[in-house]
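Undergrad: Provide a 3D model corresponding to the input given below.
(2 chains)
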Amino acid sequence: TQLLEQSPQFLSIQEGENLTVYCNSSSVFSSLQWYRQEPGEGPVLLVTVVTGGEVKKLKRLTFQFGDARKDSSLHITAAQPGDTGLYLCAGHSGGYQKVTFGTGTKLQVIP
Amino acid sequence: DVKVTQSSRYLVKRTGEKVFLECVQDMDHENMFWYRQDPGLGLRLIYFSYDVKMKEKGDIPEGYSVSREKKERFSLILESASTNQTSMYLCASSLEGDTGELFFGEGSRLTVL
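TA: Residues are numbered from 1 along each chain as shown, chains lettered A, B, ... in the order given. Okay, here's the model as predicted:
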């Protein structure tokens, strides 16, 4: 069974601080996605990474895929209250394989 | 903009009632999925479909069935609702292929009394 462990589970920080969320697995994935989910809503896709070592930036968010394609990180610079939400990583092994979701990181950014 | 629409945002049903949750996507995606999301348990896959009239069991199919008569529509059915099916239900779709990218609906919050 593939597992994706995210850390930390909960994070409460002040506006303007930086933070990093980690997503780790013992399995290799052909692609990995990051989603953000706001309370009472469905997850929204933020980014897909497919190449080992790949780095993608989305404004203040930086996503990295590990060299071995088993882990990923999400770094947020100068967090804002609008970044508050549940961050989910998800790994896909290709073809008709199911997507494996991480355990989630709940982020609260305090104004 | 891509869109996945779930028929009801909030439902309250009684134990034993039959419940239909409908999902429609306008992106011509081949794949559709039903998940439930519970605190501490994350997202769990109930059923999925890779084509019209095709369905596959996910990780927790017990107590649920699905129907996919048209490509754009995927319905989740609870034949006899129970209190342990109180949850947030999420429908998603994806293109055929290797990316694994899922597009989710807004969710249906079901409470079974």
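
Undergrad: With the flanking residues excluded, which residue is spatially nearest to residue A:48?
TA: residue A:33 (5.1 Å; Cβ to Cβ, 6 or more residues apart in numbering or on different chains). C-beta here means a position set from N, CA and C on the backbone, and glycine is covered the same way.

Undergrad: How many residues are close by the one you found?
TA: 26 (other Cβ atoms under 10 Å in any protein chain shown).

Undergrad: is it true that it lies in a strand?
TA: Yes - counting by DSSP: H, G, I helix; E, B strand; the rest coil, residue A:33 is found in a strand.

Undergrad: ranges for the strands of chain A?
TA: A:5-7, A:10-14, A:19-24, A:31-37, A:44-49, A:55-58, A:61-65, A:71-76, A:85-92, A:99-101, A:105-110 (DSSP state E).

Undergrad: for stretch B:100-113, how far is the first residue from the last?
TA: End-to-end distance for stretch B:100-113: 36 Å, by Cα to Cα, to the nearest Å.

Undergrad: same question for stretch B:86-105, mean pLDDT?
TA: Here stretch B:86-105 scores 88 as its mean pLDDT.

Undergrad: if we can go back for a sec, so which of the strands of chain A gets nearest residue B:31?
TA: strand A:99-101 (10.2 Å; Cβ to Cβ).
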